[in-house]
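> requesting a structural model of the entry that follows:
(4 chains, ligands or ions: 2)
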Amino acid sequence: MSYDINKIRQEFPILNRKVYGKPLVYFDNGATTQKPNSVISSINKVYKDINSNIHRGVHFLSAQSTDAYENARRVVKEFINAEHIHEIVFTSGTTASINLVAFSFGEKYISEGDEIIVSSMEHHSNIVPWQMLCERKNAKLKVIPFNEKGDLLIEEFKILLSEKTKLVAINHVSNTLGTINPVKEIINLAHKKNIPVLIDGAQAVQHITVNIQELDADFYAFSGHKIYGPTGIGVLYGKEKYLNTMPPYMGGGDMIKTVSFEKTTYNDLPFKFEAGTANYTGAIGLAEALNFVSSIGISNIRAHEKALLDYGTMKLSEIESLIIYGNSNNKTGAISFLLDNIHHSDVGMILDKMGVAVRTGNHCTQPVMDKFNITGTVRASFAMYNTKQEIDILFESLNKILEMFS
Amino acid sequence: MSYDINKIRQEFPILNRKVYGKPLVYFDNGATTQKPNSVISSINKVYKDINSNIHRGVHFLSAQSTDAYENARRVVKEFINAEHIHEIVFTSGTTASINLVAFSFGEKYISEGDEIIVSSMEHHSNIVPWQMLCERKNAKLKVIPFNEKGDLLIEEFKILLSEKTKLVAINHVSNTLGTINPVKEIINLAHKKNIPVLIDGAQAVQHITVNIQELDADFYAFSGHKIYGPTGIGVLYGKEKYLNTMPPYMGGGDMIKTVSFEKTTYNDLPFKFEAGTANYTGAIGLAEALNFVSSIGISNIRAHEKALLDYGTMKLSEIESLIIYGNSNNKTGAISFLLDNIHHSDVGMILDKMGVAVRTGNHCTQPVMDKFNITGTVRASFAMYNTKQEIDILFESLNKILEMFS
Amino acid sequence: MDINTLQDQIIEEFEIYDDWMDKYNYLIELSNNLSIISEENKLQSNLIEGCQSRVWLNATLNDEGKVIFKADSDAMITKGIVSLLIRVLTNHTPKEIIDADLYFIDKIGLKEHLSPTRSNGLLAMLKQMKLYAIAFNAKLNN
Amino acid sequence: MDINTLQDQIIEEFEIYDDWMDKYNYLIELSNNLSIISEENKLQSNLIEGCQSRVWLNATLNDEGKVIFKADSDAMITKGIVSLLIRVLTNHTPKEIIDADLYFIDKIGLKEHLSPTRSNGLLAMLKQMKLYAIAFNAKLNN
Ligand SMILES: Cc1ncc(COP(=O)(O)O)c(C=O)c1O
Ligand SMILES: Cc1ncc(COP(=O)(O)O)c(C=O)c1O
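Ligands and ions are numbered 1, 2, ... in the order given. Okay, here's the model as predicted:
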């Protein structure tokens, strides 16, 4: 099947937008992705046709909403090839998913002196929850370093793994460096010592195939809005054996079986972890997004984005004074760079005026910046709808900026 | 200004729906409300025109999304008349708001032997988080009882208030009984002893005027989806002095100032409590919903719903074997009842076939059921778009059900 | 009569009702006529908790190696459907019950009541019936 | 020159630039020409943290009762705008600074840089300038 980029672009209404009279070149996909028509209209459909609070309802609309919501769970399960549907918990996003585990796993399994391993290329959302947990429990955070290319030092990881280690939390793909981490190897190493592993998949599911059962991840988190879905919805996959033994995170409606002031009993999985009215509209929209991705094929998307990455890396490398941060051999389509010694925010602001949307700053990965001793980078991150022509526009714009600052 | 019910109904596309060939009579507004066109199209507009991750962005779309999100915060602030805009925290819903306080206030202010006061007419979302907190901290939950009419026993509350009391958490309006609680009086009594009060406003903001500064509530929580807004968005109002001293709830992007493995510093209010990518689409939709409510006028809505309540109560009371639970003199438009000795789910299922959507069961207020020694009720709850004719349909349908079971 | 004959019988019975009102009236009638579990057997351990209505289910294996189900519900429509499920599945061997494909629910237009999203306990009850059959089957093959 | 005359001067200067490219080029030029804070004054305490770029601001009250601002930024465009803010507000009395209505930013089409949603530190810097003025004013009136 050929990759019909024009057809794909037509599905994303925002791509027709002009900014400052220029066609929009949207290279801020690492921050959030744009939404195809099918996702937008699925949200419309919920609100115009079936909107009703889910579960517990005896009426028609409630049954329809509930069916659509529970169907969304099935779609997620199949998308990541989880074993059981009740291992799929809907949350408000990756950050919420990780915090859920930090609290609930932490309450059950972490005590004084225990250690949790993260890496120094994690997003703040996969650092701060563990710092907070460690502070609460008097546990310790251990950090896997990475090298100049942006690859984790697996040998260092092996040294950090010990009987004190209670959990390893690692991103599948680095949002700043684009590195695809060897999570399968990491999981294998940890499992040899019976240590569970949480994978932050916020930057992975939209770019590469994720097969939970093959990876054997114990927890896997991602956000809807980064995979062409709505805001306010995310997923936590968790192995039944952990989810069953962990106490709930939030208390409230839907997560309980019975409530009395003497004794409250919690609901079964996954509902135990879904307190309050779920963002069913978000879940339904996310399912639509996953179906859209599947209809194009994640491996086709991967091939397309890899071509963009290779082309972009080649073009940008033509600019002598440009430094790319993150040069792993195993990368997704995200290029972090600095242009000459021009401040990243200057580059970003001027690119913006040229219609090119990039992200600048530390990308919520301050330790990565500290490692390179910089305050930030410019990041161009690609999605299924980007084109080589857009990279050419970026390239030309960067050259113009060089002139302005020369 | 006259209340143009037809014009209002036209704004809600779902109200034109037929279920089983019958016009939809939607009386399940306590569970969730329907959405006006302006809310639906504001969500469309975000995804088609300005979608981009907020904050930290240097580009055009990001500035537009951020402006719209921060404007939504201003709309919320003005809607509830809070003093400061940074006292408005966006969450994923009432349940999340209450859990946030239970955790963060709890970490800072609750220790062994302390007491928290709730009432026995609370929603599970305003019970379970406190039970979980009490279990964690070895604190105690105290419960204000209510009488047969559905009014809180304020004298009992006065007795429960003591030096051990560290927080009072009360709903503004009971979702099952419809009672509008005397929260101003409760807050005054608690404040005399310097005890802060959290108000669960999930069933209040859409029905009656809420003026935070006048109430002097310390925390106030509500959900977007119950006030004609999107799912997945909620609000926590918190007084600056508490929010400033409370530790964060979730860790992650946007809620920090600086991150290093040695030391992480947290961001200013309200961002300290908004970890991860915010549901900006939800917040923007919620602001649109609040603007819609304001354009009609909450006091006009109140008058309309009060008329429905009075009419509905009168009609339903004509059915001899029907018992209404919740007969406070101060009620919003929610009528909980049981018909003869017919099971609530039978009534609900048959009403459904007649096109009437009601909620049945314990409405996440099991202690209320225990108090009346029943397993559930049928609840018809009204919104701005309901009519007396719809109540007539309910009335006739109930009579038919009586015949079926005679 | 085997399970499918019983199902076909019920389908025939329901054919004369062409609107839901008549169907529901018939379900209410069925529920009234059958007192399907004795009060002393309405134990907590026999209770299948649905959010909406409760279902009690009791199963025994008789001397002929057949499973006898008794059940009840506090909601009439649920109880009516319960009585149909019992009528079809009771007094069969565990193997027959395990292998049974219950198509009649769909045919008589009550599928929605057995959807996983209806929390009336009926689906859980059906699962529980199959589980009993599996347990008894294991016992018989020991 | 009073604050408004200075503002009008800047507006005039910018009038010849009709596209953003020229404006930004001019801002970059301004930033290059002005070393606005000495390195030893780039203290942590003078740092205004924006997510994107950093701004340092130092304020002193001279013998004539006028506030002298010095500042810097690590980003050039921000620095260019900083230099304009300084040019307008430095060497005025606290009272004048407090009362100043800064309309020039809007007029020269750079309003977006001072929007609360741009985390470049400029708005925080402006607030800080006003706060210094308020503090010095209180001091003078003591
Ligand atoms: C009084 C009350 N509190 C809290 C909640 C929980 O709201 P949500 O499910 O939107 O978090 C509800 C909703 O049913 C409610 O009625
Ligand atoms: C690697 C990684 N982890 C976690 C997150 C947080 O995701 P969210 O903000 O959707 O919760 C992000 C998003 O920027 C990310 O890139």
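> please make it C-alpha for all contacts and neighbour counts, starting now.
OK.
> and residue C:61, backbone torsions?
Dihedral pair for residue C:61: phi -100, psi 120, per degrees, to the nearest 10.
> show me what contacts it?
Counting by C-alpha atoms under 8 Å, 6 or more residues apart in numbering or on different chains, residue C:61 touches C:67, C:68, C:136.
> next, the second one: secondary structure please.
To tie it back to what came earlier, the one meant is residue C:68. Secondary structure, DSSP: H, G, I helix; E, B strand; the rest coil: residue C:68 is strand.
> if we can go back for a sec, can I get the contacts of residue C:61 in JSON lines including distance to chain D and pLDDT?
JSON lines is the format used below for those (distance: C-alpha to the nearest C-alpha, whole Å; pLDDT from 0 to 100):
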{"residue": "C:67", "distance to chain D": "70", "pLDDT": "96"}
{"residue": "C:68", "distance to chain D": "70", "pLDDT": "95"}
{"residue": "C:136", "distance to chain D": "67", "pLDDT": "96"}
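> who wins for most neighbours among those?
With neighbours taken as other C-alpha atoms under 10 Å in any protein chain shown, the top of these is residue C:67, carrying 25 neighbours.
> so that one touches residue C:93, yeah?
Yes. At 6.0 Å, residue C:67 and residue C:93 qualify as touching, with contact defined as C-alpha atoms under 8 Å.
> between the two, what contacts are shared?
Joint contacts of residue C:67 and residue C:93 (C-alpha under 8 Å, 6+ apart) are residue C:133.
> wait, isn't residue A:56 in contact with residue C:52?
Yes. Between residue A:56 and residue C:52 there is a contact under C-alpha under 8 Å: 6.8 Å.
> which one's more surrounded, those two?
residue C:52 (26 against 23).
> which SS class is the more buried one?
Judged by three-state DSSP, the three-state class of residue C:52 is coil.
> what's the answer for residue C:71, then?
Residue C:71 is classified as strand under three-state DSSP.
> beta partners of it?
residue C:57 (DSSP bridges).
> per-residue confidence for it?
Looking at residue C:71, its pLDDT stands at 90.
> does the lowest-mean-pLDDT helix or strand in chain A come close to ligand 1?
When the helices and strands of chain A are scored by mean pLDDT, DSSP states H and E, strand A:256-258 comes last with a mean of 89. No. Contact check for strand A:256-258 against ligand 1, using C-alpha under 6 Å from any ligand atom: none in range, with a minimum separation of 12.7 Å.
> pLDDT score for the closest residue in space to residue A:383 that isn't next to it in sequence?
Leaving out its chain neighbours, the residue that sits closest to residue A:383 by C-alpha to C-alpha, 6 or more residues apart in numbering or on different chains is residue A:29, at 6.1 Å. At residue A:29, the model reports a pLDDT of 98.
> cool, and residue A:199?
Looking at residue A:199, its pLDDT is 98.
> just the element for residue 101, please.
If you meant another chain, say so; for now it's chain A. Using DSSP states H and E, residue A:101 maps to helix A:94-109.
> wrong one, chain C
Assessed by DSSP H and E, residue C:101 sits outside every helix and strand.
> residues in contact with the residue in the stretch 101-250 of chain A positioned nearest to chain D?
Using C-alpha to the nearest C-alpha, the closest approach of the stretch 101-250 of chain A to chain D is made by residue A:124 at 14.1 Å. Contacts of residue A:124 were listed using C-alpha under 8 Å, 6+ apart, and they are A:364, A:365, A:366, B:251, B:252, B:253, B:259.
> lowest pLDDT pick from the residues you listed?
Minimum pLDDT across these is recorded for residue B:253, with 88.
> what about the strands in chain C?
Under the criterion DSSP state E, chain C contains strands at C:47-49, C:54-61, C:67-73.
> wait, which of those is closest to residue D:1?
strand C:47-49 (81.7 Å; C-alpha to C-alpha).
> any chance you could list what contacts stretch A:145-160?
Contacts for stretch A:145-160 (C-alpha under 8 Å, 6+ apart): A:117, A:119-121, A:142, A:144, A:177, A:179, A:181, A:186, A:189, A:325-328.
> which of those residues has the most neighbours?
Among the contacts of stretch A:145-160, the one with the most neighbours (other C-alpha under 10 Å) is residue A:121, at 29 neighbours.
> check contacts around that one.
Contact analysis of residue A:121 by C-alpha under 8 Å, 6+ apart lists A:145, A:146, A:174, A:176, A:365, A:367, A:368.
> need phi/psi at it.
The phi/psi pair for residue A:121 (degrees, to the nearest 10) reads phi -110, psi 20.
> sorry, back to before: wait, isn't the residue nearest to residue A:383 in contact with residue A:386?
No. Contact criterion C-alpha under 8 Å: residue A:29 and residue A:386 do not qualify, at 9.7 Å.
> need the contact list for residue A:224.
Each residue near residue A:224 by C-alpha under 8 Å, 6+ apart is listed here: A:93, A:230, A:231, A:232, A:233, A:234, A:235, A:282, A:286.
> and for residue A:337?
Contacts for residue A:337 were tallied using C-alpha under 8 Å, 6+ apart; they are A:322, A:323, A:324, A:325, A:377, A:378, A:379.
> partner residues bridging it?
Bridge pairing for residue A:337 (DSSP bridges) gives the partners residue A:324, residue A:378.
> how near is it to ligand 2?
Taking C-alpha to the nearest ligand atom, to the nearest Å as the measure, residue A:337 falls 17 Å from ligand 2.
> residue A:344 versus that residue, what's the distance?
Using C-alpha to C-alpha, to the nearest Å, we find residue A:337 at a distance of 8 Å from residue A:344.
> now the common contact residues for those two.
A:377, A:378.
> pLDDT score assigned to the spatially most central residue of chain C?
Closest residue to the average C-alpha location of chain C: residue C:85 at 2.5 Å, with C-alpha atoms, centre = their mean. We have a pLDDT of 94 for residue C:85.
> for it, give its distance to chain D.
62 Å (C-alpha to the nearest C-alpha, to the nearest Å).
> what's the answer for residue A:277, then?
In terms of C-alpha to the nearest C-alpha, residue A:277 sits 30 Å off from chain D.
> who are the contact partners of that residue?
A:53, A:54, A:253, A:254, B:93, B:95, B:231, B:232.
> next: residue A:137.
Contacts for residue A:137 (C-alpha under 8 Å, 6+ apart) come out as A:110, A:111, A:112.
> neighbour-wise, give me the winner out of these.
residue A:110 (24 neighbours).
> which residues does that residue contact?
Counted by C-alpha under 8 Å, 6+ apart, residue A:110 has contacts A:137, A:139, A:166.
> what is the nearest of the residues you listed to residue A:266?
residue A:137 (24.4 Å).
> next, give phi and psi for the closest one.
phi -110, psi 0.
> hmm, who's touching stretch A:3-17?
The contact list for stretch A:3-17 (C-alpha under 8 Å, 6+ apart) reads A:23-26, A:34-38, A:300, A:304, A:384-385, A:387, B:47-51.
> buried ones in that stretch, by neighbour count?
Residues A:9, A:12, A:13, A:14, A:15, A:17 are the ones in stretch A:3-17 that count as buried (16 or more other C-alpha atoms under 10 Å in any protein chain shown).
> does the helix or strand hosting residue A:73 come close to chain C?
For residue A:73, the host element (DSSP H and E) is helix A:60-79. Yes. For helix A:60-79, a contact with chain C is found by C-alpha under 8 Å from any C-alpha of the partner chain, at A:63, A:66, A:67, A:70.
> brilliant, that's me finished.
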